[in-house]
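Engineer: Got a predicted model here, sequence first, then my questions.
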Amino acid sequence: MRILVAGDFCPTYRIQTAIDKQDYSAFDNITQVTGNVDYSIVNLECPIVIDGGKPIDKCGPNLRTTPNVINALQYTKFDCVTLANNHFRDFGDDGCNTTLKLLKDANIDYVGGGENITSAQQILYKQFGNKIIGIVNFCEN
């Protein structure tokens, strides 16, 4: 079984502009890798926010992306996103709930985030033939 675990994905600046224009050519090299594994995971380092959203008061930047990121994730053939990171709650419950809904609607697996702490702590189990893997995702605070 071949599983790819990638690092942070937080589209900003020119990458976000390209995604919003449905230009995914910057990801072509990634799809060559993700297309050759059984399961691929990437950390979505920001919530998906509609209409700018309302950022929480915090130290450091409030990161976000647009709903168009779903198409980019599908283009890059990522099967799962991890959500437990220091930016998932940057736009409060609205940002979290929008992200979860859009991922569910697109049939993209996720782990490390949820409607409440109990659901956020759930292990994601995936079966591949006669093998089952468990995926956990957590961060500080």
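Structural biologist: Here it is on my side, so go on.
Engineer: Alpha carbons of stretch 34-49, as PDB, please.
Structural biologist: In PDB, the C-alpha atoms belonging to stretch 34-49 read as follows (Å, rounded to 0.1, in the frame of the first residue of the first chain):
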ATOM      1  CA  THR A  34      -0.700  11.700  -6.200                       C
ATOM      2  CA  GLY A  35      -1.900   9.700  -9.200                       C
ATOM      3  CA  ASN A  36       0.600   6.900  -8.400                       C
ATOM      4  CA  VAL A  37      -0.400   6.200  -4.800                       C
ATOM      5  CA  ASP A  38      -3.200   4.400  -3.100                       C
ATOM      6  CA  TYR A  39      -4.200   7.300  -0.800                       C
ATOM      7  CA  SER A  40      -3.000  10.900  -0.500                       C
ATOM      8  CA  ILE A  41      -3.200  13.200   2.400                       C
ATOM      9  CA  VAL A  42      -2.500  17.000   2.600                       C
ATOM     10  CA  ASN A  43      -2.800  19.400   5.500                       C
ATOM     11  CA  LEU A  44      -5.300  22.200   4.700                       C
ATOM     12  CA  GLU A  45      -3.700  25.000   6.600                       C
ATOM     13  CA  CYS A  46      -6.600  27.300   6.400                       C
ATOM     14  CA  PRO A  47     -10.400  27.300   6.600                       C
ATOM     15  CA  ILE A  48     -12.600  27.700   3.500                       C
ATOM     16  CA  VAL A  49     -14.400  31.000   3.900                       C
END
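Engineer: so where is this protein shaky, pLDDT-wise?
Structural biologist: For the chain, the stretches with pLDDT under 70 are 141.
Engineer: now the lengthiest helix in it, how far from the centre of its chain.
Structural biologist: Determined from DSSP state H, the single longest helix within the chain is helix 92-105. Centre-to-centre, helix 92-105 and its host chain are 10 Å apart (CA atoms, centre = their mean, to the nearest Å).
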